[in-house]
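Chemist: give me a 3D structure for the following:
(one chain, ligands or ions: 1)
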Amino acid sequence: MEMSSKLLERAVAEISQLPGIGKRTALRLALHLLKQPKEQTEHLTDAILKMRDDIQFCRECHNISDVEVCEICSNLSRDKSIVCVVEDIRDVMAIENTGLFKGIYHVLGGKISPIDGVGPSQLNIPTLVEKVKNGTAKELIFALSSTMEGDTTNFYIYKQIKDCDVVLSAIARGISVGDELEFADEVTLGRSIIHRVPFENSLKNH
Ligand SMILES: [Zn+2]
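Modeler: Predicted structure coming up:
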């Protein structure tokens, strides 16, 4: 895309690095910012930089947080013995929106996926295993999407804790196979947590 300004070209190139934003959309956004008062661009860049600099990951569950321990983990009315295992923070948001889950979460930060070069060592698995071994977690609810990567990850965790005194369950699949949690509607997702099934049952399907 030939542009009369190198400065504009650079801004468009940076904006189009974002997922789902092509060159055309990036140009539209850049031109929009040029038309707005300069403060708007300052607020935008300030918000993004602040987020980047100051955001933390909860020490306990690895959820995104502004403080060392996230609001969910520090909430005394949440049952810390029930731990819902999810892939990323979007799943936490989706499940929280149902308002039906009163336990806490453990955010793995992804799924085991050899194709994408993601191995178990890149995920927050050791801290989860520790919660089970030290007796803090009495029940784990596996809530990863039911893809091959999700199943592989569940099974990898299962192998490490299967001899521990812990109840293992999986969210009931009202959601069709392969659907990501974040796209499931709240009623279905809420129901699938309430009617969770023993984890061993979910193993039999494979
Ligand atoms: Zn937390």
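Chemist: helix or strand: which one has residue 83?
Modeler: Element membership of residue 83 [criterion: DSSP states H and E] is strand 79-86.
Chemist: same for that strand, what does it pack against?
Modeler: If you count contacts as 3 or more CB pairs under 8 Å, 6 or more residues apart in numbering; DSSP states H and E, strand 79-86 packs onto helix 89-98, strand 103-107, helix 126-133, strand 139-142. Where you see a C-beta, it was placed from the backbone N, CA and C, and this is true even at glycine.
Chemist: if you set the cut-off to 7 Å instead, what comes out?
Modeler: Packing partners of strand 79-86 (3 or more CB pairs under 7 Å, 6 or more residues apart in numbering; DSSP states H and E): strand 103-107, strand 139-142.
Chemist: and these, which is most packed in?
Modeler: Neighbour counts (mean count of other CB atoms under 10 Å) averaged over each of those peak at strand 103-107, with a mean of 24.
Chemist: does anything pack onto that strand? Which helices or strands?
Modeler: By 3+ CB pairs under 7 Å, 6+ apart, strand 103-107 packs against strand 79-86, helix 89-98.
Chemist: circling back to that earlier point, can you give the strand pairings for the strand holding residue 83, parallel or anti for each?
Modeler: When sheet partners are counted by DSSP bridges, strand 79-86 sits next to strand 103-107 (parallel), strand 139-142 (parallel).
Chemist: buried set for it?
Modeler: Within strand 79-86, the residues scored as buried using 16 or more other CB atoms under 10 Å are 80, 82, 83, 84, 85, 86.
Chemist: could those go into CSV alongside distance to the ion and pLDDT?
Modeler: Putting those into CSV (distance: CB to the ion, whole Å; pLDDT from 0 to 100) gives the following:
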residue, distance to the ion, pLDDT
80, 10, 95
82, 14, 96
83, 11, 97
84, 12, 96
85, 13, 96
86, 12, 94
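Chemist: among those, which pair sits farthest apart?
Modeler: Farthest apart among the buried residues of strand 79-86 by CB to CB are 80 and 86. That separation is 15.9 Å.
Chemist: and residue 87, how far from residue 67?
Modeler: Here residue 87 is placed at a distance of 23 Å from residue 67 (CB to CB, to the nearest Å).
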